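Asks: fold the following, please.
(one chain, ligands or ions: 2)
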Amino acid sequence: EQIVVATKNAGKVAEFKLALQNLPYTVISLTDLGNYPEAPENGVTFMENACAKAEYYARLTGLLCMADDSGLEVDYLKGEPGVYSARYAGEYASDADNNKKLLDNLIGVPAEKRTGRFRCVLALANQEQTLLTAEGTVEGIILAEARGEKGFGYDPLFQVPELGRTLAEISAEEKNSISHRGRALSSLTNQLAELGK
Ligand code: ITT
Ligand code: NA
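Replies: Numbers count the residues shown, from 1 in each chain. Ligands and ions are numbered 1, 2, ... in the order given. Now for the predicted structure:
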């Protein structure tokens, strides 16, 4: 059976393909299927957005779709940018623009107050409904300057205390083994395996 990874974010696609390569499903990405429109994203929670995206693309493609809604919650900023992480610095903001805005909003804030987490909600849907959901988080510290070239988004600013490294300084395999997305994925694939029994 096929599962479509229903995201337009190339960074997410790479992590999904790596994590799902041993699954008894053929994983294809939305971009492999053609030029689909952007899903509407009006929810105020990751859960609402993940389910809406999965159902939207399942209806358009007629295939089983998995969607990811994720973002960075910074405690000092009362949980921002949260569900607005992709468009923190504006509708068409680049990762660099968003990272700059985050750094600007934390100028002068000491390390011990720069705590936060990445959160990921995954939803798997068919044409009728959402079938499964899963959530994952990873705790970290927002650095005052970027470190590392790997990953995407806010990764160069996000240090994992246990590693003493940012998510942009570790391999995609290592990131998947500890990240919000990796954790949500292992929960979702466990649920899928249970369904299959
Ligand atoms: P799709 O809706 O097409 O999946 P998107 O990038 O718009 O793509 P989101 O609305 O879920 O997806 O936004 C998530 C944003 O949160 C993403 O653009 C990054 O800025 C940030 N983010 C999520 N996971 C991340 C990760 O693993 N590393 C760094 N930044 C991440
Ligand atoms: Na979002």
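
Asks: of all of the chain, which residue lies closest to ligand 1?
Replies: Residue of the chain nearest ligand 1, by CB to the nearest ligand atom: Gly153 (2.4 Å). All C-beta spots, glycine's among them, are computed from the backbone N, C-alpha and C.

Asks: strands of the protein, start to end?
Replies: 2-5, 26-29, 65-74, 115-125, 130-142, 158-160, 165-166 (DSSP state E).

Asks: which residue packs closest to Leu18, ignoring adjacent ones?
Replies: Nearest residue to Leu18, sequence neighbours excluded (CB to CB, 6 or more residues apart in numbering): Ala172, at 5.4 Å.

Asks: and what of Thr133?
Replies: Leaving aside its chain neighbours, Thr133 sits nearest to Ala123 (4.9 Å; criterion: CB to CB, 6+ apart).

Asks: equivalent analysis for Glu173, please.
Replies: What sits nearest to Glu173 in space, not counting adjacent residues and going by CB to CB, 6+ apart, is Leu18, at 6.8 Å.

Asks: roughly how far does the one you found sit from Val74?
Replies: Counting by CB to CB, to the nearest Å, the gap from Leu18 to Val74 is 27 Å.

Asks: the more surrounded of those two?
Replies: Set Leu18 next to Val74 and count neighbours by other CB atoms under 10 Å: Val74 wins out with 23 against 17.

Asks: my read: the more buried one touches Leu102, true?
Replies: Yes: using CB atoms under 8 Å, Val74 is in contact with Leu102, at 7.3 Å.

Asks: tell me, what's touching the two both at once?
Replies: Contact criterion CB atoms under 8 Å, 6 or more residues apart in numbering; residues bridging Val74 and Leu102 by contacting each: Pro81, Ile142.

Asks: next up, the contacts around the residue of the chain closest to ligand 1.
Replies: So Gly153 contacts Gly11, Leu72, Ser85, Ala86, Asp95, Asn98 (CB under 8 Å, 6+ apart).

Asks: and the pLDDT for the fifth one?
Replies: The pLDDT attached to Asp95 in the predicted structure is 97.
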